[in-house]
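[1] here's a sequence, model it:
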Amino acid sequence: SPAFGAASLDADAVLPDPREMQRIEASIDSALEYLVKTQNPDGSWPSNGHRIGVSAFCVLAFLGRGHEPGRGPYKAVVETLPVQLAAGEGPDVGRVADLGGLNKHYLDLTPHLSAARQKAWAENFASTLPWFRAGPQDKGIYGLMSQLTVTGAYVNKTLFDQAKVPMPDAKATWDDWMAAADKVAKATKTPFAMAMDRSGHRFAPLAVAYGAKLFDDKGVPVVDAGYQTAVKKFVDWHKSGLMPKEVWGGVGGSQYRDAFEEFANGRVVMYYSGSWQVKRMDTQVTKAFDWTVVPAPCGPAACTAMPGGAAFVALKRTKQPALAAKFLDYLSEDANYKELMAKTENIPASLSVAKAGVTYNVSPGAKAALNTFVADVPKIAQPNFALQGYRFNRVVFNQTAQRVGQAVAGEMSVDDAIKRLTSDIDEQVKAASK
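    As a prediction, this is how the structure comes out:
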């Protein structure tokens with residue numbers, strides 16, 4: 001298990017008046033519009049000799065508002081980096097979600113850190129530093145997690161109360177939750193029991209729970225018996241009407257689609273997504289119904305979740321490697337990292353910060369949700385951590401979304417989908433490894 005302590009979420013802050021919050025949020029949105037208009041073509045922002053720091057803090061403004069790679073109207077602001085790097089361009093410091101896949105562009109911070117700071121990084125970020133590395137022999141320090149995320153299930157508590165169906169306990173299986181959600185759906189005339197974001201990342205905990213190892217003895221990704229069991233179960237849930245086909249079967253290729261709107265509009269009882277949705281739930285759903293986050297569903301092999309997130313990295317192309325390293329080291333210091341986690345409402349990846357606790361200025365419902373996600377971190381199974389750190393994990397994620405999506409849509413049988421998924425992953429990993 002990864003070494004993370006439980007962050008303290010016991011803040012007793014008084015929330016601002018709703019009208020004042022609307023004024024504040026409008027001001028923030030106006031500021032972001034200004035930043036978009038003034039961003040340079042290479043992704044940086046104009047500055048007076050402080051390009052790295054100014055650009056980094058501009059990106060922080062977007063992250064704090066929830067505009068992340070793949071999400072939000074300003075997602076392009078923070079997801080153009082891979083294209084820039086491929087063209088030999090890019091900033092000094094960037095934010096990445098494909099942690100291992102862009103390793104060849106990263107600057108190793110180690111030569112620019114004191115021995116004491118190297119030790120602090122190695123101890124506090126032991127579980128996530130391998131995600132940035134090229135392989136087991138690589139011991140470099142490349143990036144700082146700006147956002148540690150954990151997948152999990154959101155449940156419409158109001159519907160459970162109306163149906164008078166008790167919620168399954170903390171060790172309940174996926175099947176237990178599906179059965180309970182189905183009872184609630186039928187009793188309350190809700191269209192579906194459950195929805196899951198269309199993402200191989202979100203699918204991975206289900207697969208590992210049912211015995212998937214994800215990798216063979218040589219570290220090569222495999223679609224093993226456990227993975228196949230999960231695929232068949234997942235497709236069967238859709239065929240039986242427990243899950244809405246339009247989420248996984250309504251779009252093509254490996255395209256991502258979340259199911260937040262299905263949950264927010266009361267079309268599903270349960271929604272499998274992740275910790276990054278807490279703020280969205282609190283601001284958009286709380287006024288409509290009571291919701292809660294439940295512990296990681298179990299299977300015969302594990303009760304697990306999928307870690308993830310995004311990180312700041314220094315890039316080799318920088319002409320100021322010492323300054324880039326100094327900036328990331330500054331953010332990694334306990335006091336600064338703790339403030340960053342509190343303001344962005346994220347789970348700390350730093351062991352020392354997690355043990356000391358983070359005070360979140362959020363509502364009771366959001367606080368309870370974050371508590372549940374933090375409690376799930378130690379349960380995460382090793383294969384899930386290994387997949388998140390695998391440099392070709394996008395191949396597994398994307399092809400799972402595509403082939404399982406085709407099976408859900410009825411475009412191919414489950415057996416054919418599994419065969420194509422197996423060959424796709426094998427071929428693409430071999431091609432990417434050349």
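
[2] neighbours of Ser352, how many?
    Ser352: 16 surrounding residues under other C-beta atoms under 10 Å. Just so you know, the C-beta spots here come from the backbone N, C-alpha and C atoms, and that holds for glycine as well.

[3] low-confidence ranges in the chain?
    Scanning the chain for pLDDT under 70 picks out the ranges 1-22, 25, 37, 40-43, 48-49, 51-52, 63-80, 83, 87.

[4] quick one: the strands in the stretch 151-300 of the chain?
    Under the criterion DSSP state E, counting those that start in this stretch, strands of the stretch 151-300 of the chain are mapped to 192-196, 268-274, 291-294.

[5] tell me which of these sits nearest to Glu333.
    strand 268-274 (27.1 Å; C-beta to C-beta).

[6] report the distance from that closest one to the chain centre.
    Distance, stretch centre to chain centre, for strand 268-274: 15 Å (C-alpha atoms, centre = their mean, to the nearest Å).

[7] ditto for stretch 171-180
    The chain centre lies 23 Å from the centre of stretch 171-180; the measure is C-alpha atoms, centre = their mean.

[8] and that stretch, which residues are buried?
    Within stretch 171-180, the residues scored as buried using 16 or more other C-beta atoms under 10 Å are 172-174, 177-180.

[9] and of those, the nearest to Ala431?
    Trp174 (33.6 Å).

[10] skipping adjacent residues, who's closest to the closest one in space?
    Leaving aside its chain neighbours, Trp174 sits nearest to Pro297 (4.5 Å; criterion: C-beta to C-beta, 6 or more residues apart in numbering).

[11] and what of Met243?
    In this structure, Met243 finds its nearest non-sequential neighbour in Trp237, 4.9 Å apart by C-beta to C-beta, 6+ apart.

[12] cool, and Thr400?
    Using C-beta to C-beta, 6+ apart and skipping residues adjacent in sequence, the residue nearest Thr400 is Gly200, 3.3 Å away.

[13] please report how far that neighbour lies from Pro221.
    11 Å (C-beta to C-beta, to the nearest Å).

[14] what does Cys58 give?
    On the measure of C-beta to C-beta, Cys58 and Pro221 end up 36 Å apart.

[15] between these two, who's got more neighbours?
    Just comparing Cys58 and Pro221: by other C-beta under 10 Å the higher neighbour count belongs to Pro221, 23 against 20.

[16] coming back round to it: mean neighbour count and distance to Asp98 added to the strands of the stretch 151-300 of the chain, as a markdown table?
    Shown next, in a markdown table, are the strands of the stretch 151-300 of the chain (neighbours: other C-beta atoms under 10 Å; distance: least, C-beta to C-beta, whole Å):
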| stretch | mean neighbour count | distance to Asp98 |
| --- | --- | --- |
| strand 192-196 | 25 | 22 |
| strand 268-274 | 27 | 17 |
| strand 291-294 | 20 | 26 |
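
[17] select, out of these, the one closest to Ile425.
    strand 192-196 (20.2 Å).

[18] now the angle from that closest one to strand 268-274?
    10 degrees (axes from the mean of the first three to the mean of the last three C-alpha atoms, to 10 degrees).

[19] overlap in contacts, Gly200 and Pro221.
    Jointly contacting Gly200 and Pro221 under the rule C-beta atoms under 8 Å, 6 or more residues apart in numbering are Val396.

[20] so what's Gln284 closest to, chain neighbours aside?
    Nearest in space to Gln284, with sequence neighbours left out and distances taken as C-beta to C-beta, 6+ apart, is Ala264 at 5.9 Å.

[21] mind giving me the packing neighbours of the one helix or strand Ala386 maps to?
    When elements are assigned from DSSP states H and E, Ala386 belongs to helix 382-389. Packing partners of helix 382-389 (3 or more C-beta pairs under 8 Å, 6 or more residues apart in numbering; DSSP states H and E): helix 200-209, strand 307-314.

[22] most tightly surrounded among these?
    Of all those, helix 200-209 has the most neighbours on average by mean count of other C-beta atoms under 10 Å, namely a mean of 27.

[23] quick check, Met145 in a strand?
    Yes: counting by DSSP: H, G, I helix; E, B strand; the rest coil, Met145 is located in a strand.

[24] show me the contacts for the residue lying closest to Pro383 once chain neighbours are set aside.
    Excluding its sequence neighbours, the residue lying closest to Pro383 (C-beta to C-beta, 6+ apart) is Leu214, at 4.2 Å. By C-beta under 8 Å, 6+ apart, the contact list for Leu214 reads 204, 207-208, 221-222, 224, 227, 383-384, 386-387, 396.

[25] any chance of those residues in TSV, with distance to Ala409 too?
    Formatted as TSV, the contacts of Leu214 follow (distance: C-beta to C-beta, whole Å):
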residue	distance to Ala409
Ala204	21
Ala207	20
Val208	25
Pro221	24
Val222	25
Asp224	24
Tyr227	20
Pro383	28
Asn384	27
Ala386	30
Leu387	25
Val396	20
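
[26] now flag whichever of those residues is closest to Met412.
    The closest of the contacts of Leu214 to Met412 turns out to be Tyr227 (C-beta to C-beta; 16.8 Å).

[27] number of nearby residues for His50?
    When neighbours are counted by other C-beta under 10 Å, His50 registers 11.

[28] same deal with Pro378?
    Burial measure for Pro378: 12 neighbouring residues, criterion other C-beta under 10 Å.

[29] ok so it is a helix residue?
    Yes: membership of Pro378 in a helix is supported by three-state DSSP.
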